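Novice: Dropping the sequence and predicted coords here.
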Amino acid sequence: MTKDLARQNELKPMALCEPCQGIQRNWRKAPGHAELVQRGNRKEDREDGSVTITRYVCDRCGTAWEYENDKNNQRAGWSVVGR
């Protein structure tokens with residue numbers, strides 16, 4: 001029974017808290033919210049140079065976010081990466 005319950009929870013859509021729902025995704029310079037806690041960053045090479053990607057986790061709902069700071073791409077920014 002425990003495996004069934006775990007599988008059901010796995011299949012449920014992610015429920016974002018109200019502040020997370022308000023984050024504008026895929027838009028550079030869009031603000032996050034106060035309950036996002038930084039968990040590290042990494043550099044990735046792109047055609048136009050190196051970009052920094054910073055990982056955050058929401059203290060309220062546990063959603064994992066990444067913020068891509070690519071000055072050459074206005075569509076970079078916040079994206080949900082899981083729980």
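Specialist: Yep, that arrived. Residues are numbered from 1 along each chain as shown.

Novice: now the spatially most central residue of the chain: how far from E47?
Specialist: Nearest residue to the geometric centre of the chain (C-alpha atoms, centre = their mean): W65, 1.4 Å. Noted for W65: a distance of 24 Å to E47, by C-beta to C-beta, to the nearest Å. The C-beta positions use only the backbone N, C-alpha and C, and glycine is treated the same way.

Novice: that older thread, please verify my assumption that the residue nearest to the centre of the chain contacts I53.
Specialist: No - W65 is beyond contact range of I53, at 10.5 Å (criterion: C-beta atoms under 8 Å).

Novice: mind listing what the residue nearest to the centre of the chain touches?
Specialist: W65 makes contacts with C20, I23, G32, L36, R55, Y56, V57, C58, W78, S79, V80, V81, as judged by C-beta atoms under 8 Å, 6 or more residues apart in numbering.

Novice: and if we set it to 6 Å?
Specialist: Y56, W78 (C-beta atoms under 6 Å, 6 or more residues apart in numbering).

Novice: Then N41?
Specialist: Applying C-beta under 6 Å, 6+ apart, the residues near N41 are T52, T54.

Novice: Which helix or strand contains it?
Specialist: Secondary structure from DSSP states H and E places N41 in strand 36-46.

Novice: okay, the helix or strand following that strand in CSV with CA atoms only?
Specialist: Moving toward the C-terminus from strand 36-46, the next helix or strand (DSSP H and E) is strand 49-58. The C-alpha trace of strand 49-58 is given here as CSV (Å, rounded to 0.1, in the frame of the first residue of the first chain):
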residue,chain,number,x,y,z
GLY,A,49,29.3,33.3,-23.9
SER,A,50,28.9,32.0,-20.4
VAL,A,51,25.7,32.3,-18.3
THR,A,52,25.0,31.9,-14.6
ILE,A,53,22.2,29.7,-13.5
THR,A,54,21.2,30.0,-9.8
ARG,A,55,19.1,27.3,-8.1
TYR,A,56,16.4,28.3,-5.5
VAL,A,57,13.9,26.4,-3.3
CYS,A,58,10.7,27.8,-1.9
